[in-house]
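Colleague: Okay, here's the prediction I keep looking at, along with the sequence it came from:
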There are 2 protein chains.
Amino acid sequence: MGSEEVKLIGLWVSPFVRRVEWALKLKGVEYEYVEEDIMNTKKSKSPLILKYNPIHKKVPVLLHHGKAIVESLLILEYIDETWKQNPILPKDPYERAMARFWADFGEKKLLEASFAALVLSHGEEQDKALKQTIEYLEIINGELKGKKFFGGETIGYLDLVMGWIPHWLPVWEEVAGTEVLDPIKFPHLNAWMENIMNFPIIKDYLPPRDKMLVYFHGRRQLLAFNVHTV
Amino acid sequence: MGSEEVKLIGLWVSPFVRRVEWALKLKGVEYEYVEEDIMNTKKSKSPLILKYNPIHKKVPVLLHHGKAIVESLLILEYIDETWKQNPILPKDPYERAMARFWADFGEKKLLEASFAALVLSHGEEQDKALKQTIEYLEIINGELKGKKFFGGETIGYLDLVMGWIPHWLPVWEEVAGTEVLDPIKFPHLNAWMENIMNFPIIKDYLPPRDKMLVYFHGRRQLLAFNVHTV
């Protein structure tokens, strides 16, 4: 597998990009990483993204033999189907459906609510999102009871999908000056977070925390500024 | 395959339920259909749905040997992985990724925009949603150029996912008194719609149009009433 065959277009701070990198590393697939700072340029000025993801105009984009695959969850499925070594999705159809179900829950419920609660919103809206975030964390804590990883003893698809929790969520907490990840309240989640942060491929490919703090502080301030001036 | 092994909990008017039925029929899987009218009862009063889909509280729910699988797109993947005959997803990983990409586009873009445009919204909001709907239909029309079905010569996953377009969309158009499915503007989409509506398994398992009209007229009126009285 020559490195010229696989290219990943990403953004350093994106958890969606990072999970794709983790999967490629887990599979031992060589790839070239291309940083595309879609946040600092107008979206319409990124010809690479416009070419390969004209509908959503987002990273990650995985290029394999020149063909583009977009949307991180679909890229993970593609990676698992293309490189069969170290499978990341379970084999059993029911377990696969459950992994996909919880992945979707992580994206549409927890990630959306916690990003709203800690970065995007203020006031009443923030209170509502914080309450939701706690509810979703409780559900995930319950799912992790008695498990080292979501899939059991070895790291898998759902761990990669949820892998943003132990690194991104604490940064967002600091940005908001609020805590949601109570280790007493969520012991199973807390244990899983430690397992994730000690897993070599994950801990070696995380964006630097100090740079993330600056970035997300900036995003929160920008939003506050917009709110106050509109 | 005894019929006691597979149960589908559904709602007659739901396109999400219908696509699961089409897939089961395509596979020749016997199943028992259970109608659960979540619209006419308070959601909290449907013990079946609360038991099997406590997170989203929605239909369809597929029960296989008592295990519940929810979310129609995940159920389609489950069906394809469990009953291998008449595959509905393509074999090639890239083609699979593209089928999933367009399925997601159909759900999150076209279905959402068109339901908003024709059933849920009024005034400026409706105009915006109508414009979006036309844009999305144009994109889908382009995707269908030169194809009998999305997957080529035979019906597949993406056709089942998009199968609501030729039956539900015209009902919503009539409810709104507006047209979006212009056959001159969207010839490839129009040809595909005819192929879908002539496909035995689909045309035999559609909810009755007159009953749908009453149902969606009711939903639109209820919303208008709420708007005017709030």
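Modeller: Nice, thanks for sending it over.
Colleague: A:Phe16 - how many residues pack around it?
Modeller: 19 (other CB atoms under 10 Å in any protein chain shown). The C-beta positions use only the backbone N, C-alpha and C, and glycine is treated the same way.
Colleague: So which residues of chain A form strands?
Modeller: For chain A, strands defined by DSSP state E occupy the ranges A:6-10, A:32-35, A:61-64, A:67-70.
Colleague: domain assignment for chain A?
Modeller: Here the domain parsing of chain A from automatic domain parsing is A:3-82, A:93-229.
Colleague: want to throw those into CSV with mean pLDDT?
Modeller: As requested, the domains of chain A are arranged in CSV below (pLDDT from 0 to 100):
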stretch, mean pLDDT
domain A:3-82, 90
domain A:93-229, 95
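Colleague: how about JSON lines for these, with distance to B:Thr178 added?
Modeller: Shown next, in JSON lines, are the domains of chain A (distance: least, CB to CB, whole Å):
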{"stretch": "domain A:3-82", "distance to B:Thr178": "25"}
{"stretch": "domain A:93-229", "distance to B:Thr178": "30"}
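Colleague: Those: which one's closest to B:Pro200?
Modeller: Checking these against B:Pro200 by CB to CB gives domain A:93-229 as the closest, at 26.7 Å.
Colleague: is the closest one up against chain B anywhere?
Modeller: Yes - residues of domain A:93-229 contacting chain B under CB under 8 Å from any CB of the partner chain: A:93-94, A:96-97, A:100-101, A:104-105, A:109, A:139.
Colleague: Can you flag which of these belong to helices?
Modeller: If you go by DSSP state H, those have A:93-94, A:96-97, A:100-101, A:104-105, A:139 in helices.
Colleague: Now restrict the residues you listed to buried residues only.
Modeller: The neighbour-count test (16 or more other CB atoms under 10 Å in any protein chain shown) marks A:93-94, A:96-97, A:100-101, A:104-105 as buried among those.
Colleague: Looking at the residues you listed, which two lie furthest apart in space?
Modeller: Of all pairs drawn from these, the greatest distance, 18.7 Å, lies between A:Pro93 and A:Phe105 (CB to CB).
Colleague: which one of the buried ones among the ones in helices among the residues of domain A:93-229 next to chain B sits closest to A:Met212?
Modeller: A:Phe105 (24.0 Å).
Colleague: isn't that closest one right up against B:Ile55?
Modeller: Yes - using CB atoms under 8 Å, A:Phe105 is in contact with B:Ile55, at 6.5 Å.
Colleague: Residues in contact with both of the two, list them for me.
Modeller: Taking CB atoms under 8 Å, 6 or more residues apart in numbering or on different chains as the criterion, A:Phe105 and B:Ile55 both touch A:Ile139.
Colleague: which residues touch A:Val180?
Modeller: By CB under 8 Å, 6+ apart, the neighbours of A:Val180 are A:114, A:117-118, A:130, A:133-134, A:137, A:169, A:173.
Colleague: So which residues lie in contact with stretch A:122-139, not counting its own?
Modeller: Contact partners of stretch A:122-139, identified using CB under 8 Å, 6+ apart, comprise A:105, A:109-110, A:113-114, A:116-118, A:121, A:176, A:178, A:180-181, A:185-186, A:189, A:224, A:227, B:55.
Colleague: ChimeraX command for the buried members of the residues you listed?
Modeller: To isolate the buried ones among those in ChimeraX, judged by 16+ other CB under 10 Å, type:
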select /A:105,109,110,113,114,116,117,118,121,176,180,181,186,189
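Colleague: give me the number of residues near the closest residue to A:Pro93 other than its chain neighbours?
Modeller: Leaving aside its chain neighbours, A:Pro93 sits nearest to B:Glu81 (4.0 Å; criterion: CB to CB, 6 or more residues apart in numbering or on different chains). Counted with other CB under 10 Å, residues neighbouring B:Glu81 total 16.
Colleague: same thing with A:Glu36?
Modeller: The tally of other residues near A:Glu36 (other CB under 10 Å) stands at 19.
Colleague: bridging residues for the nearest residue to it once chain neighbours are set aside?
Modeller: Distances taken as CB to CB, 6+ apart place A:Ile9 nearest to A:Glu36, at 5.1 Å, with adjacent residues excluded. Taking DSSP bridges as the rule, A:Ile9 bridges to A:Val34, A:Val61.
Colleague: what sits against A:Ile9?
Modeller: Each residue near A:Ile9 by CB under 8 Å, 6+ apart is listed here: A:34, A:36, A:48-49, A:52, A:59-63.
Colleague: which one among those residues gets closest to chain B?
Modeller: Proximity of those to chain B (CB to the nearest CB) peaks at A:Leu62, which lies at 9.0 Å.
Colleague: wait, the closest one sits on A:Val20?
Modeller: Yes - with contact defined as CB under 8 Å, A:Leu62 reaches A:Val20; the gap is 6.4 Å.
Colleague: Overlap in contacts, the two.
Modeller: Contact criterion CB under 8 Å, 6+ apart; residues shared by A:Leu62 and A:Val20: A:8, A:75, A:79.
Colleague: any idea how far the last one lies from B:Arg96?
Modeller: Right, the one you point to is A:Ile79. 12 Å (CB to CB, to the nearest Å).
Colleague: buried sites along stretch A:146-163?
Modeller: Quick answer for stretch A:146-163 (16+ other CB under 10 Å): A:149-151, A:155-163.
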